[in-house]
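A.B. asks: fold the following and give me the result.
(2 chains)
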Amino acid sequence: MDMSSLMQQFVQQMINGISLGSIYALIALGYTMIYGIIKLINFAHGDIYMLGAYIGFLATTYLHVGFLPAIIIAMLGAGLAGIVIERVAYRPMRNAPRIAILITAIGVSFFLEYTTMLVASPQPRTFPAIFAATIYHLGPIVVNSQQILILVSALVLMVALTYIVNKTKAGKAMRAVSFDADAAKLMGINVDKIISLTFALGSALAAAGGVLVGIYYNSIDPLMGMMPGMKAFIAAVLGGIGIIPGAMAGGLILGVVEALVSGFISSTFRDAAAYAILIVILLYKPAGLMGKNIREKV
Amino acid sequence: MNSLRKQDLKALGACVVLYAVFQGLMEAEIIDPFWELNIVLICINIILSTSLNMINGYTGQFSIGHAGFLAVGAYVGAIMTVKLDLGFVVALIAGTIAAGFLGFLIGLPTLRLNGDYLAIATLGLGEIIRICILNIDYVGGASGLMGIPRLTTFTIAFWIMVAILFFIKNFKNSAPGRACLAIRENEIAADTMGIDTTKYKVMAFTIGAAFAGTAGVLFSHYFFIAHPASFTFMRSFDILTMVVLGGLGSMTGAVTGAVLLTFISAYLAEFPEWRMIIYSLTMIILMLRRPQGLFGSQELSAKMFHFARLGGKTNE
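C.D. replies: Predicted structure coming up:
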């Protein structure tokens, strides 16, 4: 391969990587927000993403709605599911040992996967083509309109989230609870309500990711959340868990690295690359790219 | 002979009786092959859960990559018997040592991390091991290593399990075991008391990984095949669930968790579509009701029954 075609392939893989990475970033945001606020690795988050894709599938197949209503219905539905899960499975365990809550989260994850399997059958479903793919040729580089859609939707949602977290009263309360829940409670913040809100926001973002993936790959199945859930978690750790811009950056970096590895080395090593990044980050900068090291005090 | 040794003898006697009963029932074909398979699986799962309990329960280091070590044991053992035509004993030893050595290599750098970060790192390493195996053609790649002779019998699995249980029980009461418990209770305090925390953490991790390797050899030589899909992070979660359900830090708890979950899972095999739903609900409800696990960090013992009979009054 000569230099120019190598360069072409590099740019092409970058484009693929950025669209994949925006999906990871959307899921990673929920992970990071939930971890930031209740210090729980919510293993069920990848399944909320799957649930979002299924709600989007139902809305487009049976209600015949377009892209925008479908994604909004999916976000509302998944947000509600997030609130219910937190209320039923996590809230009673607020003071339980951390590992017990983690096991509950794994249980919730299995429950969502296999209930969906029972209700919607284990076979993959074809996602309706609600957003036709137009292919643009920019010289030798191929860009798909769906990739642009993913990037634009992800950016809009991220800007909206940043606005909510940084500029609104609820966002201020979220930041306060994640900084120190007890102090926030003393200041009159309803901690339970804020945690519910965090779950709703995080789940809604994951659902948006699910619908976008449904449109992009045309296919959804009940176990589709397992791998992206894991990857998004890696992205959250990569950027510094609990830090919102970190999750965005982490998602994009992970997506690009994966695309480059599968483009230039071998697609079978794609997942290994993600885990390798994780290990390296954990060993050299456990607080993540954007995190600050906090010394442990006795 | 002190009372501790007497207790050991009693426990050993109980094991002989238990073994005789099960072996007798299998010989008489009262236990059908399906349950026989599950009983061997229970023995293997007990080895896995008690060895993970050494790391998570005694030393307090949150590891969820146990399936990786299981895989290493399964594959190294199978290479010994299938590719190199060596005996089962060599396979068992090689699988154990290989997994233990890998545990040592992985433990040394990662055990600097703590809490959730260690959990994620071990999870990632477990997956990396699996993906590497998936890409080695020598061991069959994605289709798995087939044609492994069935050399594991109930007798072998049972007595290896008993030996490992005795080892772990004695480890807990030994000086290194107490150092591990001290690390679990408070790492900084243990460090200031002069305990070499890294040494004992790596020690517990290595021994736990080695036993997982033993379980792996037993596993691949019972099911004829070593397949990468049997060693995903879901398998690690399974083992972790057994430990936590039984009670983190309790060996008898880990045993009970392994028996209970393997049994539930085997019993539900008749209802494949409901199996995982009921399994997951059991997990959630048990955790909501008893977040410390069935036994907490207590051991199930004759004393516990004694205590219950006296209505909480003991003269200890």
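A.B. asks: what ranges do the strands span in chain A?
C.D. replies: Here chain A has its strands, by DSSP state E, at A:125-126, A:135-138, A:141-144, A:219-220.
A.B. asks: what strands line up against the second one, and which way round?
C.D. replies: Here strand A:135-138 has these sheet partners by DSSP bridges: strand A:141-144 (antiparallel).
A.B. asks: so what touches the partner strand?
C.D. replies: With contacts defined as C-beta atoms under 8 Å, 6 or more residues apart in numbering or on different chains, strand A:141-144 is touched by A:Gln8, A:Val11, A:Gln12, A:Ile15, A:Ala133, A:Thr134, A:Ile135, A:Tyr136. The C-beta positions use only the backbone N, C-alpha and C, and glycine is treated the same way.
A.B. asks: only whichever of those are buried, select them in ChimeraX.
C.D. replies: Selecting only the buried entries of those in ChimeraX, with 16 or more other C-beta atoms under 10 Å in any protein chain shown as the criterion:
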select /A:12,15
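A.B. asks: how near is B:Phe211 to chain A?
C.D. replies: According to C-beta to the nearest C-beta, to the nearest Å, B:Phe211 and chain A sit 21 Å apart.
A.B. asks: that residue: which element?
C.D. replies: According to DSSP states H and E, B:Phe211 maps onto helix B:197-220.
A.B. asks: re earlier: okay, the strands of chain A in TSV with mean pLDDT and distance to B:Lys169 next?
C.D. replies: Output for these, formatted as TSV (pLDDT from 0 to 100; distance: least, C-beta to C-beta, whole Å):
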stretch	mean pLDDT	distance to B:Lys169
strand A:125-126	88	51
strand A:135-138	82	66
strand A:141-144	83	61
strand A:219-220	90	49
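A.B. asks: circling back to that earlier point, in helices, which of the contacts of strand A:141-144 fall?
C.D. replies: Judged by DSSP state H, helices contain the following of those: A:Gln8, A:Val11, A:Gln12, A:Ile15.
A.B. asks: for chain B, state which of those residues is nearest.
C.D. replies: Minimum distance to chain B across these is 24.6 Å, recorded for A:Gln12 (C-beta to the nearest C-beta).
A.B. asks: who are the contact partners of that closest one?
C.D. replies: So A:Gln12 contacts A:Ile141, A:Val142, A:Gly263 (C-beta under 8 Å, 6+ apart).
A.B. asks: which residues in the chain form helices?
C.D. replies: All of this is about chain A. Under DSSP H, chain A gives helices at A:3-38, A:45-62, A:67-85, A:98-120, A:145-167, A:169-179, A:181-186, A:191-217, A:226-239, A:244-264, A:270-284.
A.B. asks: sorry, I should have been clearer: chain B.
C.D. replies: B:3-27, B:33-53, B:66-78, B:88-110, B:115-134, B:154-173, B:175-185, B:187-192, B:197-220, B:233-246, B:251-267, B:272-289, B:302-309.
A.B. asks: most packed of those?
C.D. replies: helix B:66-78 (a mean of 31; mean count of other C-beta atoms under 10 Å in any protein chain shown).
A.B. asks: and that helix, how far out from the chain's middle?
C.D. replies: Using C-alpha atoms, centre = their mean, to the nearest Å, the mean C-alpha position of helix B:66-78 is found 13 Å from that of the whole chain.
A.B. asks: next: stretch A:259-274.
C.D. replies: 20 Å.
A.B. asks: ok, stretch A:63-74 next?
C.D. replies: The answer for stretch A:63-74 is 19 Å, by C-alpha atoms, centre = their mean.
A.B. asks: which residues of the stretch 201-316 of chain B lie near chain A?
C.D. replies: Contact residues, the stretch 201-316 of chain B versus chain A (C-beta under 8 Å from any C-beta of the partner chain): B:233, B:237, B:240-241, B:244-245, B:248, B:273-277, B:279-281, B:283-284, B:287-288, B:291-293.
A.B. asks: how about the residues of the stretch 1-150 of chain B by chain A?
C.D. replies: B:56, B:62, B:109-110, B:112-113, B:115-117, B:119-121, B:124-125, B:127-128, B:131-132, B:134-135.
A.B. asks: any stretches of chain B with poor pLDDT?
C.D. replies: Within chain B, the stretches with pLDDT under 70 are B:1-4, B:301-316.
A.B. asks: report the contact partners of residue 112.
C.D. replies: I'll assume chain A. A:Leu112 neighbours (C-beta under 8 Å, 6+ apart): A:Ala44, A:Asp47, A:Ile48, A:Met50, A:Leu51, A:Gly225.
A.B. asks: please go with chain B instead
C.D. replies: A:Leu283, B:Thr198 are the contacts of B:Arg112 under C-beta under 8 Å, 6+ apart.
A.B. asks: reformat the helices of chain B as CSV; add distance to A:Lys285.
C.D. replies: Formatted as CSV, these follow (distance: least, C-beta to C-beta, whole Å):
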stretch, distance to A:Lys285
helix B:3-27, 48
helix B:33-53, 28
helix B:66-78, 24
helix B:88-110, 14
helix B:115-134, 11
helix B:154-173, 35
helix B:175-185, 25
helix B:187-192, 21
helix B:197-220, 20
helix B:233-246, 23
helix B:251-267, 35
helix B:272-289, 33
helix B:302-309, 46
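A.B. asks: how close does the residue positioned nearest the centre of chain B sit to chain A?
C.D. replies: Computing the C-alpha centroid of chain B and ranking residues by C-alpha atoms, centre = their mean puts B:Leu48 first, at 1.4 Å. For B:Leu48, the distance to chain A (C-beta to the nearest C-beta) stands at 16 Å.
A.B. asks: still on that earlier bit, so which of the helices of chain B gets nearest A:Pro124?
C.D. replies: Closest to A:Pro124 of the helices of chain B is helix B:272-289 (C-beta to C-beta; 16.9 Å).
A.B. asks: pull that closest one out as PDB, backbone CA atoms only.
C.D. replies: What follows is helix B:272-289, C-alpha atoms only, in PDB (Å, rounded to 0.1, in the frame of the first residue of the first chain):
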ATOM      1  CA  PRO B 272     -35.000 -22.500  29.200                       C
ATOM      2  CA  GLU B 273     -36.800 -19.200  28.500                       C
ATOM      3  CA  TRP B 274     -37.600 -18.500  32.100                       C
ATOM      4  CA  ARG B 275     -34.300 -19.800  33.500                       C
ATOM      5  CA  MET B 276     -32.300 -16.600  33.400                       C
ATOM      6  CA  ILE B 277     -35.300 -14.400  34.500                       C
ATOM      7  CA  ILE B 278     -35.900 -16.500  37.600                       C
ATOM      8  CA  TYR B 279     -32.100 -16.700  38.200                       C
ATOM      9  CA  SER B 280     -31.700 -12.900  38.000                       C
ATOM     10  CA  LEU B 281     -34.800 -12.300  40.200                       C
ATOM     11  CA  THR B 282     -33.400 -14.700  42.800                       C
ATOM     12  CA  MET B 283     -30.100 -12.700  42.700                       C
ATOM     13  CA  ILE B 284     -31.900  -9.300  43.100                       C
ATOM     14  CA  ILE B 285     -34.300 -10.400  45.800                       C
ATOM     15  CA  LEU B 286     -31.600 -12.200  47.900                       C
ATOM     16  CA  MET B 287     -29.400  -9.100  47.700                       C
ATOM     17  CA  LEU B 288     -32.300  -6.800  48.700                       C
ATOM     18  CA  ARG B 289     -33.200  -9.000  51.600                       C
END
